[in-house]
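Colleague: Here is a sequence with its predicted model. Questions after.
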There are 2 protein chains.
Amino acid sequence: MKNHYTKSELTSFTKDVFLAMGCSEADAQIATDVLVKADLRGIDSHGVARLIGYVRLWEADRINPKPDIKVVHETPSTAVVDGDRGLGLVVAPAAMKIAMQKAKEVGSGWVSVKNSNHFGIAGYHAMMALENDMVGMAMTNASPLVAPTFAKERMLGTNPIAVAIPSAKQPPFIADLATTTAANGKLEILQRKEEQAPTGWIQDKEGKNSNDPHELKNGGALLPLGGDREHGSHKGYALGSIVDIFSAVFSGANYGPWAPPFVSFLPLSENPVGEGLGHFLGAMRIDAFRPADEFKSHMDNWISRFREAEAVEGKKVIIPGDPEREMEAERGNNGIPLNEKVVEDLREVGKKFGLELA
Amino acid sequence: MKNHYTKSELTSFTKDVFLAMGCSEADAQIATDVLVKADLRGIDSHGVARLIGYVRLWEADRINPKPDIKVVHETPSTAVVDGDRGLGLVVAPAAMKIAMQKAKEVGSGWVSVKNSNHFGIAGYHAMMALENDMVGMAMTNASPLVAPTFAKERMLGTNPIAVAIPSAKQPPFIADLATTTAANGKLEILQRKEEQAPTGWIQDKEGKNSNDPHELKNGGALLPLGGDREHGSHKGYALGSIVDIFSAVFSGANYGPWAPPFVSFLPLSENPVGEGLGHFLGAMRIDAFRPADEFKSHMDNWISRFREAEAVEGKKVIIPGDPEREMEAERGNNGIPLNEKVVEDLREVGKKFGLELA
């Protein structure tokens, strides 16, 4: 079975699927772009592997393919956006555009979003700011899989934070991190390989450390960044909480354990505290602080100084975004390898709509 | 020797010291308030224990007791403040007031500060927003003590992030966290007790894990939150970097390894890349997103739901800010215990200015 695809093959198929779901041409294009960007950048868990998940949510009538995305509350530098149950892949870029427009007008823009769902890689939305000489930020809450420090119960999602910062000659600084020790995608890789997880990634249903990557199916949970109290898990828990509150309490989305699941076979909460999933997008014009050229030349200096930091033997110090950028160059040239299971899922999706994967 | 002091004893002595350094009445008051607040909240490393450090910086002419703190660049929602080499304890609250004024006018305010120095506990400045029904944020860069993932070299400070979020009936959510596994203050406690540090806190000068709390004196470094690559230290490194860039590259302060040391016996960089230390302060009006009462009642619900999360046997789930609030109530009533060494330092400071510690 073919398991290596070009960017253009995946783009064409994915866009046709979104069009078949009833998305507009523009929405299908941006949703596809967000997914394929994840595959190109090597974040395989958030790319076309998730397409079947979005299709199933649409079949369960949990996604509106023709959303009326609108601002429901605003000030000159802030807004709340109602995503109208649209694809997060479409809602988040629309909200980011509003944040950037506000930054253009008053220096910074901050948009909290309700009534959305999974928005793909946070980094995509943050990176939208770069071409406008702005710092971009993106966060989202997500299906509850993470236990706070000392809890058995899953209360938070992996709640990522992405920050993109422009530079001049150096490639930009792009951080995109789950506020857990390890993202769920890394656990999925271990599950497929039937390998043990390192201590500090997950706990069992009693809250004891576990190395079984399948533990989440038995009532276990992912652990906040830090792993345990002695190693600072209360900090990961606090960071994940801040993402949850900015994304969902600011906007009126569901927060904490009420956050809707990504998988369509799990039921929605019977007594929701808000509407859908929440995101938080931010943009700051760099020349709202100092002349853009000056800022960018200091960022070049920051980046090259850190890249040249004296390294541990056999290693080198990397800048956030380096590995993903290298992967994007490599996969852009040589294509994207897909897991066999992912190819099967894509073929199944194709069958639903009478579409053929290349 | 007396080693237990009331809030008012410490306040009176500390304020007299700042006045003797030449601070104005108002500046001495706020600087004292920031320091004593740290002691009350149990963050002993950042309280009056640091007074002697500020005095020594002043003696070395690295602190200006009568700073002309001013905005040097601004938009409706952003500003850069020049701290004029003032005490960070004075400069940061002044910058936070500017952020809050901007939030009042356009929904949010973001202020990056240069030409400052150590600002005490980040939480103090973030908490200033609470009484105005705003979310407050505070960050600062600091003396380079932290090695990025795979580095031997110290490139970042412990670069804290504080976020304060208002609620109605519940006490507010207050996170205040160093972006390292353990703050330097925790290491100092182990040094005094001659106890080993847990694995994941520090490394030796070759970049190997160490359990010796004195390792920093031998060229070792603190580790970013996560501890090592397998446990997510690249995330702690990214977060510390973001704090550094927002605090110092936005403002024009010294960043990364150029950040000035807190201790006056270490030399300043011979080729600085900016002026002094940097901070980043933010304020967002909660009613810039949704009606304040609605937001606060959902925060109450968020807090009580998390506090009631099913806990691991023998433990309870706490909300960021709980331990410090309990400590503040206790020490407000019963006084503040000071380490013997700290009392000696305070007496030494007293002697310099002809002041008597109670």
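Modeller: In hand now; what should we look at?
Colleague: dump the residue contacts of the single nearest residue of the stretch 251-358 of chain A relative to chain B.
Modeller: Residue of the stretch 251-358 of chain A nearest chain B, by C-beta to the nearest C-beta: residue A:312 (3.5 Å). C-beta: built from backbone N, CA, C; applies to glycine. Neighbouring residues of residue A:312 by C-beta atoms under 8 Å, 6 or more residues apart in numbering or on different chains: B:150-152, B:206-207.
Colleague: Pick out the residue closest to the middle of chain A.
Modeller: Computing the C-alpha centroid of chain A and ranking residues by C-alpha atoms, centre = their mean puts residue A:121 first, at 2.9 Å.
Colleague: Quick one: buried ones out of the contacts of residue A:312?
Modeller: Taking 16 or more other C-beta atoms under 10 Å in any protein chain shown as the criterion, what is buried in those is B:150-152, B:207.
Colleague: sorry, back to before: so for the residue nearest to the centre of chain A, what's the pLDDT?
Modeller: Here, the pLDDT recorded for residue A:121 equals 97.
Colleague: residues contacting it?
Modeller: Going by C-beta under 8 Å, 6+ apart, residue A:121 touches A:34, A:37-38, A:41, A:43, A:46, A:162, A:176.
Colleague: again, only using 6 Å
Modeller: A:38, A:43, A:46 (C-beta atoms under 6 Å, 6 or more residues apart in numbering or on different chains).
Colleague: For residue A:293, see how far away it is.
Modeller: As judged by C-beta to C-beta, to the nearest Å, residue A:121 and residue A:293 stand 30 Å apart.
Colleague: Can you report how many residues neighbour whatever residue of the stretch 101-250 of chain A ends up closest to chain B?
Modeller: Closest approach between the stretch 101-250 of chain A and chain B, counting by C-beta to the nearest C-beta: residue A:107, at 3.1 Å. Neighbourhood size, residue A:107 [other C-beta atoms under 10 Å in any protein chain shown]: 27.
Colleague: correct me, but it touches residue B:74?
Modeller: No: Residue A:107 is not in contact with residue B:74 according to C-beta atoms under 6 Å; the separation is 7.9 Å.
Colleague: Three-state assignment for residue A:169, please.
Modeller: Here residue A:169 is recorded as coil under DSSP: H, G, I helix; E, B strand; the rest coil.
Colleague: Just give the closest residue to it, not the sequence neighbours.
Modeller: Spatial nearest neighbour of residue A:169, chain neighbours left out: residue A:300 (5.4 Å); criterion: C-beta to C-beta, 6 or more residues apart in numbering or on different chains.
Colleague: Burial check on that neighbour, number of neighbours?
Modeller: By other C-beta under 10 Å, the residues close to residue A:300 number 15.
Colleague: What separation is there between it and residue A:172?
Modeller: For residue A:300, the distance to residue A:172 - C-beta to C-beta - is 10 Å.
Colleague: Overlap in contacts, the two.
Modeller: Common neighbours of residue A:300 and residue A:172 are not found (criterion: C-beta under 6 Å, 6+ apart).
Colleague: picking up where we left off before, so which of the contacts of residue A:312 belong to helices?
Modeller: Among the contacts of residue A:312, no residue falls in helices (DSSP state H).
Colleague: quick revisit: restrict the buried ones among the contacts of residue A:312 to those near chain A?
Modeller: B:150-152, B:207 (C-beta under 6 Å from any C-beta of the partner chain).
Colleague: Mind picking the two most distant members of those?
Modeller: Taking every pair in those and measuring C-beta to C-beta, the maximum separation is 8.8 Å, between B:150 and B:152.
Colleague: Just the pLDDT at the residue of chain A most remote from its centre, thanks.
Modeller: Using C-alpha atoms, centre = their mean, the residue of chain A lying farthest from its centre is residue A:313. It sits 33.1 Å away. You'll see residue A:313 listed with a pLDDT of 94.
Colleague: Same check on the one 5 residues further on?
Modeller: The predicted structure scores residue A:318 at 97 on the pLDDT scale.
Colleague: Could you do residue A:2 as well?
Modeller: 86.
Colleague: Compute the distance between it and chain B, please.
Modeller: 34 Å (C-beta to the nearest C-beta, to the nearest Å).
Colleague: count of neighbours near the closest residue to that residue other than its chain neighbours?
Modeller: In this structure, residue A:2 finds its nearest non-sequential neighbour in residue A:343, 7.2 Å apart by C-beta to C-beta, 6+ apart. Using other C-beta under 10 Å, the number of residues around residue A:343 comes to 18.
Colleague: Likewise for residue A:101?
Modeller: Residue A:101 has 15 neighbours, counted by other C-beta under 10 Å.
Colleague: Using the three-state scheme, assign it.
Modeller: Relying on three-state DSSP, one would call residue A:101 helix.
Colleague: Just give the closest residue to it, not the sequence neighbours.
Modeller: Closest to residue A:101 by C-beta to C-beta, 6+ apart is residue A:109, at 6.7 Å.
Colleague: For the one you found, give me phi and psi.
Modeller: Per-residue torsions, residue A:109: phi -140, psi 140 (degrees, to the nearest 10).
Colleague: Can you name the residues that contact it?
Modeller: Contacts of residue A:109 by C-beta under 6 Å, 6+ apart are A:77, A:99, A:102-103, A:283.
Colleague: Near chain B, which residues of the stretch 251-358 of chain A are found?
Modeller: Taking C-beta under 6 Å from any C-beta as the contact definition, the stretch 251-358 of chain A meets chain B at A:252, A:255-256, A:288-290, A:298-299, A:302, A:305, A:309-312, A:315, A:317, A:320.
Colleague: Of these, keep whichever come out buried.
Modeller: Taking 16+ other C-beta under 10 Å as the criterion, what is buried in those is A:252, A:255-256, A:288-290, A:298-299, A:302, A:305, A:309, A:311-312, A:317, A:320.
Colleague: Which of the residues you listed sits closest to residue A:243?
Modeller: Closest to residue A:243 out of these is residue A:255 (10.1 Å), distances taken as C-beta to C-beta.
Colleague: That closest one: what's it in contact with?
Modeller: So residue A:255 contacts A:244, A:248-249, B:302 (C-beta under 6 Å, 6+ apart).
Colleague: and those as CSV, adding secondary structure?
Modeller: Output for those, formatted as CSV (three-state DSSP):
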residue, secondary structure
A:244, helix
A:248, helix
A:249, helix
B:302, helix
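Colleague: Widest-spaced pair of those residues?
Modeller: Within those, A:248 and B:302 form the most distant pair, 8.7 Å apart (C-beta to C-beta).
Colleague: okay, now the domains of chain A?
Modeller: Using automatic domain parsing, the domain parsing of chain A gives A:1-65+A:334-358, A:67-181+A:223-320.
Colleague: For the shortest one, give the distance from the opening residue to the closing one.
Modeller: What it means is domain A:1-65+A:334-358. Distance between the two ends of domain A:1-65+A:334-358: 11 Å, counting by C-alpha to C-alpha, to the nearest Å.
Colleague: go on, the last one?
Modeller: Between the opening and closing residues of domain A:67-181+A:223-320 we find a distance of 34 Å, counting by C-alpha to C-alpha.
Colleague: And for stretch A:234-254?
Modeller: Chord length of stretch A:234-254, first to last residue, is 22 Å (C-alpha to C-alpha).
Colleague: contacting residues around that stretch?
Modeller: Residues from elsewhere that reach stretch A:234-254 (C-beta under 6 Å, 6+ apart): A:80, A:112-114, A:139-141, A:148-149, A:156, A:159, A:179, A:224-226, A:255, A:272-280, B:163, B:165, B:175, B:177, B:225, B:289-290, B:298-299, B:320.
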